[in-house]
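**Q** Provided below for reference: sequence and predicted model.
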Amino acid sequence: MPTFMPTMRLRFTGFLLAALLCCAPAPRAIAGPQTVHLIIGDTLDEQGKPKPLSPIKRKLLEALERELGVTFELHMSPWARAERYAIDGAGLIFGLPKSADRLHALRYSDVAAYNNLWIVTRSDATFTYNRIEDLRGKAIGIVRGYHYGEQVERARASKLFRTDEDIASRGTRLTRLMLKRVDAVLLYQPSLQTARDVETEINAYMAPRLRHIGAAANAGYSVLPQPVATDAGVFFAIARNRDDGIIDRINAALARLQQRGPN
């Protein structure tokens, strides 16, 4: 056998290994958490700029991110626009109340949280509230485009009270209350809070703002002890033709968080 054959075999083996290495797929990068577009109706400050999420909402979203292994990419919009984006399939939406039309277009999750609907007045102009009829003839500050439950919406449609619809700026609505432009403001707060908790939070929030009002800021704020209602719940939802299993995953994550209880 010619003496050059072993050398040729080695060279051929080298060429083959090189070819295999060239054709082998490159190592895949380790994938990070899935990004999920999350639409939320915004709350505005007095300048009309979106305010950051409340600590309670932020805590819920962060807990769900950990449970689901995702990262929520937040998109804040006025509620009417946020609803339209969600129905068009732009992403998941959080906090949009249910209605017949929305249930037809969107698939909703189980309840993620509850809110109480409170009545806020000036501390020197409180009144007794036991039922919706007690709001007869009053001017009530609400957020334009937001839904406050069937009871309030029926009363509103029947002109039981007059609504003062404003942008989603809590500071602006509470300022109008202090200036006596309205008799009361409707305010949703997490159900874990008592009327006294909400009252303390509002007075602390408005204290620096009242200095700019001047002599008209001659009272504080009171939260009436009886909430108008506890809402049907706060949900996640997504367009029915865009649900790739995310709602089932959210439901399972919410069940695990509820089972473990508050941290």
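**A** Perfect, thanks for sending it.

**Q** how about the strands in the chain?
**A** Using DSSP state E, the strands of the chain run over residues 34-41, 70-77, 92-94, 106-108, 115-122, 139-143, 162-166, 184-190, 221-223, 229-230, 236-239.

**Q** which residues sit in contact with the closest residue to Glu133 other than its chain neighbours?
**A** Closest residue in space to Glu133, ignoring its immediate chain neighbours: Leu160 at 7.3 Å, by Cβ to Cβ, 6 or more residues apart in numbering. Backbone N, C-alpha and C define where each C-beta goes, glycine included. Taking Cβ atoms under 8 Å, 6 or more residues apart in numbering as the contact definition, Leu160 lies against 132-133, 135-136.

**Q** run a quick neighbour tally on Asn130.
**A** By other Cβ atoms under 10 Å, the residues close to Asn130 number 8.

**Q** quick one, what contacts it?
**A** Gln226 are the contacts of Asn130 under Cβ under 8 Å, 6+ apart.

**Q** give the residue spans of this protein that score low on pLDDT.
**A** Residues of the chain that meet the criterion pLDDT under 70 lie in 1-32, 46, 167, 262-263.

**Q** now tell me what touches stretch 255-263 from outside.
**A** Residues contacting stretch 255-263 (Cβ under 8 Å, 6+ apart): 63-64, 67, 110.

**Q** cool, stretch 35-55 as well?
**A** Contact with stretch 35-55 is made by 58, 61, 68, 70-79, 82-83, 85-86, 90-96, 146, 167-172, 175, 190, 209, 246, as judged by Cβ under 8 Å, 6+ apart.

**Q** can you give me the buried ones in it?
**A** If you call a residue buried by 16 or more other Cβ atoms under 10 Å, then stretch 35-55 has these buried ones: 36, 38-44, 50, 53.

**Q** of all these, which comes closest to Thr126?
**A** Thr43 (25.1 Å; Cβ to Cβ).

**Q** okay, the strands of the chain, which one's buried deepest?
**A** Comparing these on average neighbours per residue, with mean count of other Cβ atoms under 10 Å, the densest one is strand 92-94 at a mean of 26.

**Q** one step back: can you put the contacts of Leu160 in CSV and add neighbour count and distance to Arg260?
**A** As requested, those are arranged in CSV below (neighbours: other Cβ atoms under 10 Å; distance: Cβ to Cβ, whole Å):
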residue, neighbour count, distance to Arg260
Ile132, 16, 37
Glu133, 10, 42
Leu135, 22, 40
Arg136, 10, 45
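
**Q** between the residues you listed, which sits nearest Arg181?
**A** Nearest to Arg181 among the contacts of Leu160, counting by Cβ to Cβ, is Leu135 at 16.3 Å.

**Q** wait, that closest one sits on Arg156?
**A** No - with contacts counted by Cβ atoms under 8 Å, Leu135 stays clear of Arg156, the gap being 9.6 Å.

**Q** coming back round to it: top of the contacts of stretch 255-263 by neighbour count?
**A** The contacts of stretch 255-263, ranked by neighbours (other Cβ under 10 Å): first place Leu64, 21 neighbours.

**Q** what separates that residue from Thr230, distance-wise?
**A** To Thr230, Leu64 is 22 Å away according to Cβ to Cβ, to the nearest Å.

**Q** what do you get for Gly48?
**A** Gly48 is 30 Å from Thr230, by Cβ to Cβ.

**Q** picking up where we left off before, nearest to Asn203, out of the strands of the chain?
**A** strand 221-223 (5.5 Å).

**Q** list the contacts of that closest one.
**A** With Cβ under 8 Å, 6+ apart, strand 221-223 has contacts from 118-123, 126, 174, 177-178, 187, 195-196, 198-199, 202-203, 206.
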